[in-house]
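K.L.:
I'd like to go over a predicted model; first the sequence, then the structure.
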Amino acid sequence: EQVLLRGVEELPEDVPLLDLLSFVYTQNDKPEKSLPYLDRLLKLRPDDEALLQRRGYLLIQLGKVDEAIAVFDRILSRHPDDVDALMNRGTALLAADRADKAEEDFETVLRRVPEAIDARVGLSEVAMRKKDKAQAIRHLDKAIASVTAGTSVHASLTNRLAAIQAAP
């Protein structure tokens, strides 16, 4: 970290160095440290879609969901078929308690990528917010059916299904 910070101090507009530092912080669950370097990168490359996606993701992690939604809206205004931006915006909308709009994004993702497990999980969470336990279970059942048994994803989804089934 110290070597990278010194490098950025000496070369404040070095794109690969800024990207690496931001990425390292992101990978180590330090979004608050990653975001300033990512923002510096975006000043140098304002239309870089991958950087915008990463910024939106970090904003979700930081609980700045309205800002995240704005980032994904920006991406989708230029690329309305961007499945990653739709999925991420749906996640941010869900975090912002806008379940109806999140549901639209997750359904759009599933129309484009029918095997999108994250969209099924998102729809399950939307259903739970709407107090529709049966629908939540159906979405998770479909997600579980498309995942290899014995994997960590399968275990996580199975645990979530059990929690929903046990809920009043």
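P.N.:
Nice, I can see it.

K.L.:
how about the helices in this structure?
P.N.:
Assigned by DSSP state H, the helices in the chain fall at 2-10, 15-27, 31-44, 49-61, 65-78, 83-95, 99-112, 117-129, 133-145, 152-166.

K.L.:
how far away is the residue in the chain sticking out farthest from the centre from residue 3?
P.N.:
Note on the chain: the largest C-alpha distance from the chain mean falls to residue 10, namely 32.8 Å (CA atoms, centre = their mean). Using CB to CB, to the nearest Å, residue 10 is found at 11 Å from residue 3. Using the backbone N, CA and C atoms, a C-beta is placed for each residue, glycine as well.

K.L.:
Check residue 70 too.
P.N.:
Distance from residue 70 to residue 3, by CB to CB: 34 Å.

K.L.:
Tell me which of the two has more neighbours.
P.N.:
More crowded of residue 70 and residue 3, by other CB atoms under 10 Å: residue 70, with 14 against 8.

K.L.:
pLDDT score assigned to residue 27?
P.N.:
On the pLDDT scale, residue 27 is placed at 89.

K.L.:
how close does it get to residue 1?
P.N.:
In this view, residue 27 and residue 1 are 12 Å apart by CB to CB.

K.L.:
low-scoring stretches of this protein, by residue?
P.N.:
Low-confidence segments of the chain, defined by pLDDT under 70, are absent.

K.L.:
for the residue nearest the centre of it, what are its contacts?
P.N.:
Taking CA atoms, centre = their mean as the criterion, residue 88 is the residue nearest the geometric centre of the chain, at 4.0 Å. Applying CB atoms under 8 Å, 6 or more residues apart in numbering, we find residue 88 in contact with 53, 56, 57, 60, 68, 72.
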